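[1] Take this sequence and fold it.
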Amino acid sequence: MHGVVRRARAVFQARIRFCFSISTRFCATVLLTVFISLVGCSHLHWHSRPKAEYVYVATRQPIFLRDRVATVSNHTARVGNGERLQVLEHMRRFLKVQTAQGAVGWVEEASVLNSAGYNSFLALRAQHARDPVISHVVLRNDLYMHLTPGVKTEHFYLIPANTRLEMLARVAVPKVGGGIVSQAASTAKPQYGAGRHKRRAQGSGASDVLMPAVPMEDWWLVRDSAGHTGWMRSRQLDVDVPDDVAQYAEAQRMVGAYVLRMVSDPESGKPGGQVPEYVTILTPYKDGLPYDFDQVRVFTWDAKHHRYGTAFRQRNLAGYFPVTVGQQDFDNGPEPVFSIQVATGNVAAVQSEGTSAGAVPTETLTYRLDGNIVRRVLPPGSKAASTPQGARQRRVHSANQP
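    As a prediction, this is how the structure comes out:
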């Protein structure tokens, strides 16, 4: 009898332990499932959290953040051009922002540049980081850099007056509208004269017969010492060329002066008695021309009279940047050389299909400075050619006309 009771008790206890074990595992499974679900939801919630939005101040003068959007409000902070602000809230025409110092306030949306525009400026900078420098300019007044040529286009960096900038490229855009038409001119057909004699009789150069049919203005892609890159209106830029040769521009705009070599003249008054000799490029004071320059002029130094003289001049070109300068070995040893890109033939060859440098058939003209004489350098295997149209070898020593 006692044995039966003990066996029954043992079976009952075993069943109790089995049920308890099953219940424990079930509870543990449930708890683990709940924990994983909570962790997963938290993980998803962390990833779905919106990224911080930033804008950048794009005003000429510093502006104030205000504590509310109302006619009467208090200033909470003062911010200036280029400063980054975090966006906290959007309202029609206004943004609630926070400065890096933690100040919070409202600002007009029109006075800031969004992140997309800022990234576009960074992309423009990277795209032209290695572009060759055509020349240098100095700003007349404080001026914005624009993302694309045109008065009404996106602008950001405010560059102070008298800043020296590097010139990288030129385009012309219509005065109204601000969209790029081409590398250097309108898509409208240039208006050509009836012939060389007619142009000569009118006393007009190539620029008078190749002007676009719509009013245009030139813009330059420029870069400052910090690497900031953008477009600026040409009329606000003064090309930085030496006064010694700039005085001989003869009512044209000298857009480049490149040193060919240094010569010695102890009585020149120059530092160390070393005087630079230049090749210069010039263009009329007219916007929208279908080329970058129309004249090349070489200035060499007269050690006897201690002044510059014109050793070479070539007019009526349809020239395109860049101009390259270097040295090359000849029979008499290394000599200075320079090369220019010009439209094939003369400026009358710039037809309607050639309104940009990429569309115009061009050739490279290379010259060397042999003593005080500029000579054409022909490609290997080429026959001697006559002097290019418009080219003149001269040596005039006049205080007003070198």
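
[2] Dig out what L282 forms beta bridges with.
    Here L282 shows beta-bridge partners M254, Q295, assigned using DSSP bridges.

[3] how many neighbours does it have?
    Here the neighbour count serves as a burial measure; for L282 (other C-beta atoms under 10 Å) it reads 23. Just so you know, the C-beta spots here come from the backbone N, C-alpha and C atoms, and that holds for glycine as well.

[4] how much space between it and T324?
    Counting by C-beta to C-beta, to the nearest Å, the gap from L282 to T324 is 17 Å.

[5] same check, this time on V79
    Note on V79: its distance to T324, by C-beta to C-beta, is 45 Å.

[6] and those two? which has more neighbours close in?
    Between V79 and T324, V79 has the larger neighbour count (other C-beta under 10 Å), namely 24 against 13.

[7] Could I get the full set of strands for the stretch 301-402 of the chain?
    307-314, 319-330, 333-343, 362-370, 373-377, 391-393 (DSSP state E, counting those that start in this stretch).

[8] Any idea which of those strands gets closest to D224?
    With C-beta to C-beta as the criterion, D224 lies closest to strand 319-330 of the strands of the stretch 301-402 of the chain, at 19.4 Å.

[9] Mind giving me the packing neighbours of that closest one?
    Packing partners of strand 319-330 (3 or more C-beta pairs under 8 Å, 6 or more residues apart in numbering; DSSP states H and E): strand 253-264, strand 274-283, strand 333-343, strand 362-370.

[10] Could you export those to a markdown table, including columns for mean pLDDT?
    Shown next, in a markdown table, are the helices and strands packed on strand 319-330 (pLDDT from 0 to 100):
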| stretch | mean pLDDT |
| --- | --- |
| strand 253-264 | 93 |
| strand 274-283 | 94 |
| strand 333-343 | 92 |
| strand 362-370 | 92 |
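
[11] Output these in JSON lines; the columns should cover distance to V298.
    What follows is the helices and strands packed on strand 319-330, written out as JSON lines (distance: least, C-beta to C-beta, whole Å):
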{"stretch": "strand 253-264", "distance to V298": "7"}
{"stretch": "strand 274-283", "distance to V298": "5"}
{"stretch": "strand 333-343", "distance to V298": "8"}
{"stretch": "strand 362-370", "distance to V298": "7"}
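
[12] Can you say which of the ones you listed is packed in most?
    strand 274-283 (a mean of 22; mean count of other C-beta atoms under 10 Å).

[13] beta partners of L113?
    The partner residues for L113, given DSSP bridges, come to Y56.

[14] before we move on, what about D238?
    Beta bridges link D238 to V138 when assigned by DSSP bridges.

[15] Now do the contacts for it.
    D238 makes contact with 137-140, according to C-beta atoms under 8 Å, 6 or more residues apart in numbering.
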